[in-house]
Structures are given as C-alpha cells and as structure tokens.
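Asker: no sequence on hand, only this structure:
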C-alpha cells in the first residue's frame, strides 16, 4: 500500500467495502426468502 494515503482514509475505505458487502448479502437473502415478490403474479410456490 502506498505510504501517501492517510491512515483514516484507508480504514474508512475498507470499512465502506465491508458494509457494502453486508448490504449486498442482506439484499440477496431477501430475494431468496421472498422470490414471489420479484417475479410475475402467477409464479407458483417453490420456484
């Protein structure tokens, strides 16, 4: 890692990446738990 970045910039960027990954993971969990909400109305259960 280059030495010209302040330490707080490096820490906040890694924290931001971590939190964005958690956000994406929770979104995928919502889609997988309720797939009928994101398809057409006549989607049978279990698909």
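Answerer: Thanks, I have it. The structure displayed is predicted, hence computed values, not measured ones. Numbers count the residues shown, from 1 in each chain.
Asker: which SSE is residue 17 in?
Answerer: helix 7-33 (DSSP states H and E).
Asker: in that helix, what counts as buried?
Answerer: Within helix 7-33, no residue is scored as buried using 16 or more other Cβ atoms under 10 Å. C-beta here means a position set from N, CA and C on the backbone, and glycine is covered the same way.
Asker: just the pLDDT for residue 16.
Answerer: Looking at residue 16, its pLDDT reads 97.
Asker: do the same with residue 32
Answerer: 82.
Asker: Provide a list of residues in contact with it.
Answerer: By Cβ atoms under 8 Å, 6 or more residues apart in numbering, the contact list for residue 32 is empty.
Asker: and residue 27, how far from residue 8?
Answerer: Distance of residue 27 to residue 8, computed by Cβ to Cβ, to the nearest Å: 28 Å.
Asker: same check on residue 20?
Answerer: Counting by Cβ to Cβ, the gap from residue 20 to residue 8 is 18 Å.
Asker: low-confidence ranges in the chain?
Answerer: Within the chain, the stretches with pLDDT under 70 are 1-2, 35-47.
Asker: how about 90 then?
Answerer: Residue ranges of the chain with pLDDT under 90: 1-5, 27-47.
Asker: so is residue 5 in a helix, a strand, or just coil?
Answerer: Here residue 5 is coil, with the state taken from DSSP: H, G, I helix; E, B strand; the rest coil.
Asker: count of neighbours near it?
Answerer: Using other Cβ atoms under 10 Å, residue 5 is surrounded by 10 other residues.
Asker: make residue 1 into 222 and carry on from there
Answerer: Shifting the count to begin at 222 puts that one at residue 226.
Asker: and it, backbone torsions?
Answerer: phi -90, psi 130 (degrees, to the nearest 10).
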